[in-house]
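A.B. asks: my questions concern the predicted model and sequence given below.
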Amino acid sequence: MIGGFSTPKKDHAIKTSGGKLVKTGEILVRGVDTYKAGINVKGLGTLFALLPGKVYFTKKKTNHGKVRTFVNVAPVAKTTKK
C-alpha cells in the first residue's frame, strides 16, 4: 500500500442520468459492464455520445434470457437564429 497503488479506482459509474442534455463526445458511462451502447452511443468500457441530444435508457432481453440496459441519445432539433 505504499504510494496508494493498491487502492481501486473509484470513477466507475454512470456519469449522466435519463433526460439530461449532452454534448457530442460527452462520457455517459465509465467502467460499468451492465450498460451497453445503444442508438447514437459508442464505446465498450466507456460509453460516449456521438451527437448532441437527450439521454434515455431502454431494456431488452437477450436470447439467453438476460436483461440488458442500453444507453441511447435522442437527437435534439437545432434551432435557427434569425
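C.D. replies: Sure thing, it's come through.

A.B. asks: SS state for the most centrally placed residue in the chain?
C.D. replies: Among the residues of the chain, L28 comes closest to the average C-alpha position under Cα atoms, centre = their mean, at 3.2 Å. What DSSP: H, G, I helix; E, B strand; the rest coil gives for L28 is strand.

A.B. asks: could you name the helices and strands sitting against the least confident helix or strand in the chain by mean pLDDT?
C.D. replies: Every helix and strand of the chain was ranked by mean pLDDT, DSSP states H and E. The lowest is strand 13-14, at a mean of 83. Applying 3 or more Cβ pairs under 8 Å, 6 or more residues apart in numbering; DSSP states H and E, one finds that strand 13-14 contacts strand 27-30. C-betas here are computed from N, CA, C, even on glycine.

A.B. asks: residues in contact with the helix or strand following the strand it packs on?
C.D. replies: Downstream of strand 27-30, the next assigned helix or strand under DSSP states H and E is strand 35-37. Contacts with strand 35-37, where a contact means Cβ atoms under 8 Å, 6 or more residues apart in numbering, come from I14, V29, G43, L44, L47, R68, T69, F70, V71.

A.B. asks: give me that answer again for 6 Å
C.D. replies: V29, G43, L47, R68, T69, F70, V71 (Cβ atoms under 6 Å, 6 or more residues apart in numbering).

A.B. asks: could you do stretch 22-34 as well?
C.D. replies: Stretch 22-34 is contacted from outside by 12, 14-16, 35, 45-49, 51-52, 55, 71, using Cβ under 6 Å, 6+ apart.
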